[in-house]
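Peer 1: Got a predicted structure here, sequence first:
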Amino acid sequence: MLRGGAGAPTGRAAAAGRGRLGGMASVETNWAGNHTYTGRVERPGTVEELQELVAREPRVRPLGSRHSFTDLTDSDGVLVSLEALPTSVEVDADSRTATVRGRALYGDVARVLEGHGWALGNLASLPHISVAGAVATGTHGSGDRNGSLATAVRGLEVVGPDGGLRTMTREDADLPGSVVALGALGVVTGLVLGLEPTFPVRQDVYTGVSWERLATDLDAITSDAYSVSLFTRWDDAGIYQAWRKSREGSAPGTFFGAPRADRTLHMLEGGSTESVTGQLGEAGPWLDRLPHFRMESTPSRGEELQSEYLVPRPSAAEAIEGLRALRDRMAPVLQASELRTVAADDLWLSSSYGHEVVAIHFTWVRDVPAVYALLPALEELLLPLGGRPHWGKCFVATAAELEPLYPRFADFRALRDRVDPERVFGSAFLDRVVGP
C-alpha cells in the first residue's frame, strides 16, 4: 500500500470552511451564497465520533464541500461536515485502486495519485469539489467514452442510520443503487476508486464553430478528442469557444472551421485567465488539464447559479434547436452554456443511466427569482426529451416528473426503504425529488 495525505483542514481551525473557492466564508451558506443552511453543523474528528452522532440524532445530512446550488444537503436536523476527519489516499497498485477517506477534494486526491504514478480517467471542471459529494450527485467531466466520476467507484464505506459502518464492494448487489444516492442512504466516509497509469493531456481552445457545423457534425465534434467542451450563449455567434483536451501529442490548426486561439481564454466574459488550466497546446499532467480550473485559483466570480440537463444523445439536436428558440428569454440571466458528453453507465440515479448523454449546462447570474421563473420553460422542453437534471444544480422538477426518466427509480426507493426506513437521512429536498 502507498499512503498520502490529501491535506484536508482539521479541527475547529476549519470551522469557517471553504465557502468560496480560494477563500473563506461562513459555513451557513453554500459556495454560491444563494442558500443559507438551517441545520446545526457538527464536525466529528473520528469515524467513531461520526457513528455515535448518527446513532443518537433523529435527522442527519452530510454537508460535503457546499457546491450544490439548492437545499440538497440541508436538513432540519444535524449537518455533518467531514472537515475534521483525517483524510487519506491509499493506493493499491495490484488492484489498480485507491481508497479515499474523509472529506477529500478531487484536486488534493489527484496530487497524491500523480505522485505515485496513477490517474483517474475523468475529472470535473472544478477540482475543488469533494469526492463523496460529487459521486453522490452524479457529477461528471466530458468525453464520449468517459463515464461520470461515479463510474470510477469500486466500493463504498458508509455510516448507516444506526451508526453502523457498512462496506460495499462491486460484488454487492446494492452498490449500483448506492453510489449516486444523494446522501439518502448514509454518510460516505470512504470510497474505492479505479485507477489507470498517469497520462499527459494537451488542451487547445478554438473560437467560432458555427451552428451549421454543430448540426451537421455533432458526433464528429464530440468524438474528436478525449474530452470536448463547447461554450455558447445560444446567439448567432454559435459555439464561441471549443475546449479540446487530447491525450495525443498534436492538435489540428482548425477545429470544424474554427481557428485555434493564440492566447489563453476564459469561458466567462471578463473572467481571469489566471484561474484556468493551461491551454495553447502545452501538454501537462492529467490533473492539470482535464479540469477547466486550477486548484489553487478561484474559478469564477462566485455570484452565480447553475443548472444542467443531461439529454439522451439522439435527442440532442432537438434540444439544441429548442434552446436556441429560447435564447431571448435566457439572455438577461445567462452568463454561458456548456455542452459536453458523458458515456452510459448502470448506476440507478445517474443522469447517464442506460444511455449516452449530451450534458447542457447553464451558468446564470445570481438572480434567484429570475432564474427559477425561467426553469419551467427549459424543463417543458428538455424533460419530454429525456433530459435529467443534475441533482446538485437548480431545477424545479419533482418526483412525479423525475420518476419516468429513471428506469430504476422505484428500485432506489425500495432500497432506501430497506436501508433507512425511519428517514434519518431524510430532508425536504429528498421529499421533493424522490418522495417521502
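Peer 2: Nice, thanks for sending it over. Residues are numbered from 1 along each chain as shown.
Peer 1: for residue 418, helix, strand, or coil?
Peer 2: helix (DSSP: H, G, I helix; E, B strand; the rest coil).
Peer 1: correct me, but residue 200 touches residue 282?
Peer 2: No - using CB atoms under 8 Å, residue 200 makes no contact with residue 282, being 10.1 Å away. Using the backbone N, CA and C atoms, a C-beta is placed for each residue, glycine as well.
Peer 1: Please spell out which residues along the longest helix seen in the chain are buried.
Peer 2: Longest helix in the chain, counting residues (DSSP state H): helix 368-382. Within helix 368-382, the residues scored as buried using 16 or more other CB atoms under 10 Å are 371, 374, 375, 378, 379, 381, 382.
Peer 1: Same check on stretch 421-436?
Peer 2: Buried residues in stretch 421-436, counting neighbours by 16+ other CB under 10 Å, are found at 423, 424, 425, 426, 427, 429, 430, 432, 433, 434, 435.
Peer 1: quick one: low-confidence parts of the stretch 101-250 of the chain?
Peer 2: Nowhere does the stretch 101-250 of the chain drop to pLDDT under 70.
Peer 1: Okay, helices next: where are they in it?
Peer 2: Remark: helices assigned in the stretch 101-250 of the chain by DSSP state H, counting those that start in this stretch are 106-115, 131-136, 175-178, 211-222.
Peer 1: which other helices and strands contact the shortest one?
Peer 2: Meaning helix 175-178. Applying 3 or more CB pairs under 8 Å, 6 or more residues apart in numbering; DSSP states H and E, we find helix 175-178 packed against strand 153-159, strand 165-169, helix 409-419.
Peer 1: Run the chain-centre distance for the first one.
Peer 2: Just to be clear, that refers to strand 153-159. Between the centre of strand 153-159 and the centre of its chain there are 18 Å (CA atoms, centre = their mean, to the nearest Å).
Peer 1: Can I get that strand in CSV? Just the C-alpha atoms.
Peer 2: In CSV, the C-alpha atoms belonging to strand 153-159 read as follows (Å, rounded to 0.1, in the frame of the first residue of the first chain):
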residue,chain,number,x,y,z
VAL,A,153,-16.3,3.8,-7.8
ARG,A,154,-15.4,0.2,-6.9
GLY,A,155,-16.5,0.2,-3.3
LEU,A,156,-18.0,2.4,-0.6
GLU,A,157,-17.7,2.7,3.2
VAL,A,158,-20.9,4.2,4.7
VAL,A,159,-22.2,5.1,8.1
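Peer 1: tell me what it is packed against?
Peer 2: helix 47-56, strand 97-101, strand 165-169, helix 175-178, strand 187-194.
Peer 1: measure the residue nearest to the spatial centre of the chain to residue 221 for me?
Peer 2: Nearest to the geometric centre of the chain sits residue 139, at 2.5 Å (CA atoms, centre = their mean). When distance is defined by CB to CB, to the nearest Å, residue 139 is 23 Å away from residue 221.
Peer 1: Same check on residue 306?
Peer 2: Here residue 306 is placed at a distance of 23 Å from residue 221 (CB to CB).
Peer 1: now swap in residue 135 and tell me
Peer 2: Going from residue 135 to residue 221 by CB to CB gives 28 Å.
Peer 1: quick one: which of the two has more around it?
Peer 2: Per other CB atoms under 10 Å, whichever of residue 135 and residue 221 has more neighbours is residue 135, with 25 against 22.
Peer 1: what sits against the more buried one?
Peer 2: 149, 150, 153, 179, 180, 188, 191 (CB atoms under 8 Å, 6 or more residues apart in numbering).
Peer 1: can I get the residues you listed in TSV with distance to residue 273 and neighbour count?
Peer 2: Listed next are the contacts of residue 135 as TSV, based on distance: CB to CB, whole Å; neighbours: other CB atoms under 10 Å:
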residue	distance to residue 273	neighbour count
149	26	26
150	31	24
153	34	25
179	35	29
180	34	26
188	35	26
191	33	25
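Peer 1: All the strands of the stretch 251-400 of the chain, residue numbers only.
Peer 2: 254-255, 258-259, 284-285, 304-312, 334-342, 357-365, 388-389 (DSSP state E, counting those that start in this stretch).
Peer 1: Fine, thanks again, bye for now.
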